[in-house]
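In: compute the structure for the input listed below.
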Amino acid sequence: MTRLLIINPGSTSTKVGLYENNQALWVRSVAHGEEIQQYPDLQSQLLLREQIIRTIINEENIDLESLDAIVGRGGLLHPLESGVYEVNEDMINDLESCRYGWHSSNLGGILAFQIASPLGLKAYISDPIISDEMHPLARVSGWPEIERKSIFHALNQKAVARRYAHETGIPYQEMNLIVAHLGGGISVGVHRKGRVIDVNNALNGDGPFSVERTGGLPLFSVIDLYFSGQYSPDQLKQMFVGKRPLLDVPTAAITNKM
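Out: Residues are numbered from 1 along each chain as shown. Alright, predicted model coming up:
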C-alpha cells in the first residue's frame, strides 16, 4: 500500500489530498480571494499556506508517520521533461530564490520538503509547470530573438490526459489529444503520443485572457503604455499577470454586450 499526501498551491487556492494506491481518501480545497494580495512574495505566502495545510492535517487527524512520501506541485525550475522528481537542496534554493521566476507553484516543493524532512520522508514534485517536451518548430515565434517557451499547467493537463486514456482503454502514449486547463490562467496543449509538443506560455502573457491574465494584447498599445511613464516595468508585469485584470472589467460592460 502506498500512502501519499499531495499538496497543490495554486494562484487562487490551496489544495491538499490524501491518497492510498492512487485512490483519493479525501481532498480539501481552500479558496483564496483578494486577501491573497496581502502576501505578495514567496516567504509571506509560504507561512500562510503552511498554516492552512497543517490545519487541514490536524482536522483530518492524519498520522504523518503513516505516509510513504509527500508530493508537491512543481514550480518554476530550469526546463525538464514531465515526470516525478525528488526534491533536493539545489531545487529548494532555485524555488526559494525564484531564480527562474515567481509563481505560487514554487511553494509546492518547498512545502512538501518542510513537512517531509522532520519525519524522515522523501518529498517529490510531479509534472512541474516548466515541463518541456515542445517540438522544435513550436518554439518558433514571429520574432527571431524570442523563442516560445513551455510554461503551462502540466500537472493538470497530464492528469486529465492520463485519466481520459485510462477511461477509454487506450495508452496515453498512443493518443493524440488537445487538452485545455481553465483556471486563474488558461493553457491549451497539443499532446502527441504522451508528449506535449505545443502549448501556450500560460504564465508570461501568451494565450487567452482569464481571471488573472490579460492574454494577448496589441503590441503597439503595450509599447505606448510602457513608454507613457505611468507604470514601471514591474508594475506592468503585475498588471498583465496576477492582478486579476478580468475582475477590473465593469460588469455592465459585459452584460450590455450579451
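In: please name the nearest non-neighbouring residue to S126.
Out: Leaving aside its sequence neighbours, S126 sits nearest to V84 (C-beta to C-beta, 6 or more residues apart in numbering; 4.9 Å). Just so you know, the C-beta spots here come from the backbone N, C-alpha and C atoms, and that holds for glycine as well.
In: burial of the one you found, as a residue count?
Out: By other C-beta atoms under 10 Å, 12 other residues sit near V84.
In: any idea how far it lies from E147?
Out: Between V84 and E147 the computed distance is 27 Å (C-beta to C-beta, to the nearest Å).
In: and if you look at S131?
Out: Taking C-beta to C-beta as the criterion, S131 is separated from E147 by 16 Å.
In: ranges for the strands of the stretch 101-250 of the chain?
Out: Secondary structure of the stretch 101-250 of the chain, counting by DSSP state E, counting those that start in this stretch: strands at 122-126, 176-182, 186-192, 195-199.
In: reformat those as JSON lines; add mean neighbour count and distance to D68.
Out: As requested, these are arranged in JSON lines below (neighbours: other C-beta atoms under 10 Å; distance: least, C-beta to C-beta, whole Å):
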{"stretch": "strand 122-126", "mean neighbour count": "22", "distance to D68": "8"}
{"stretch": "strand 176-182", "mean neighbour count": "15", "distance to D68": "28"}
{"stretch": "strand 186-192", "mean neighbour count": "21", "distance to D68": "29"}
{"stretch": "strand 195-199", "mean neighbour count": "21", "distance to D68": "28"}
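In: compare those strands and report which one is nearest to N106.
Out: In terms of C-beta to C-beta, the element of the strands of the stretch 101-250 of the chain nearest to N106 is strand 122-126, at 10.3 Å.
In: who does the closest one pair up with?
Out: Pairing partners of strand 122-126, with direction, according to DSSP bridges: strand 69-73 (parallel), strand 84-86 (antiparallel).
In: for the residue nearest to E20 when sequence neighbours are not counted, what are its contacts?
Out: Spatially, and ignoring its direct neighbours in sequence, E20 is nearest to R3 (5.2 Å; C-beta to C-beta, 6+ apart). Residues counted as contacts of R3 (C-beta atoms under 8 Å, 6 or more residues apart in numbering) are L18, Y19, E20, S66, L67, D68.
In: which one of those residues is nearest P40?
Out: Minimum separation from P40 among those (C-beta to C-beta) is found for L18, which lies at 30.6 Å.
In: and the pLDDT for P250?
Out: According to the per-residue confidence, P250 scores 56 in pLDDT.
In: SS state for A24?
Out: strand (DSSP: H, G, I helix; E, B strand; the rest coil).
In: looking at it, it is touching G17, isn't it?
Out: Yes. With contact taken as C-beta atoms under 8 Å, A24 and G17 are classed as touching, separated by 5.6 Å.
In: which of these two has more neighbours?
Out: In this comparison of A24 against G17, neighbours counted by other C-beta under 10 Å, the higher total goes to G17 at 18 against 10.
In: any idea how far E133 lies from L80?
Out: Taking C-beta to C-beta as the measure, E133 falls 10 Å from L80.
In: where does E65 land in three-state SS?
Out: Under three-state DSSP, the three-state class of E65 is helix.
In: next: the one 10 residues further on.
Out: Applying three-state DSSP to G75 yields a three-state assignment of coil.
In: start the count at 335, not 1, going forward
Out: With 335 as the first residue, the last one maps to G409.
In: D461 is in contact with that one, correct?
Out: No. The pair G409 and D461 does not pass the contact test of C-beta under 8 Å, sitting 11.4 Å apart.
In: other residues contacting stretch 532-540?
Out: When contacts are defined by C-beta under 8 Å, 6+ apart, stretch 532-540 is touched by residues 410, 435, 437, 463, 468-469, 472, 482-487, 491, 515, 519-524, 541-542, 547-551, 574-575.
In: what residues does L401 make contact with?
Out: By C-beta under 8 Å, 6+ apart, L401 lies in contact with R337, L338, L339, L453, L455.
In: tell me, what's the model's pLDDT at the closest residue to M509 other than its chain neighbours?
Out: For M509, the nearest residue in space outside its immediate sequence neighbours is A499; the separation is 5.7 Å by C-beta to C-beta, 6+ apart. Among the per-residue scores, A499 holds a pLDDT of 98.
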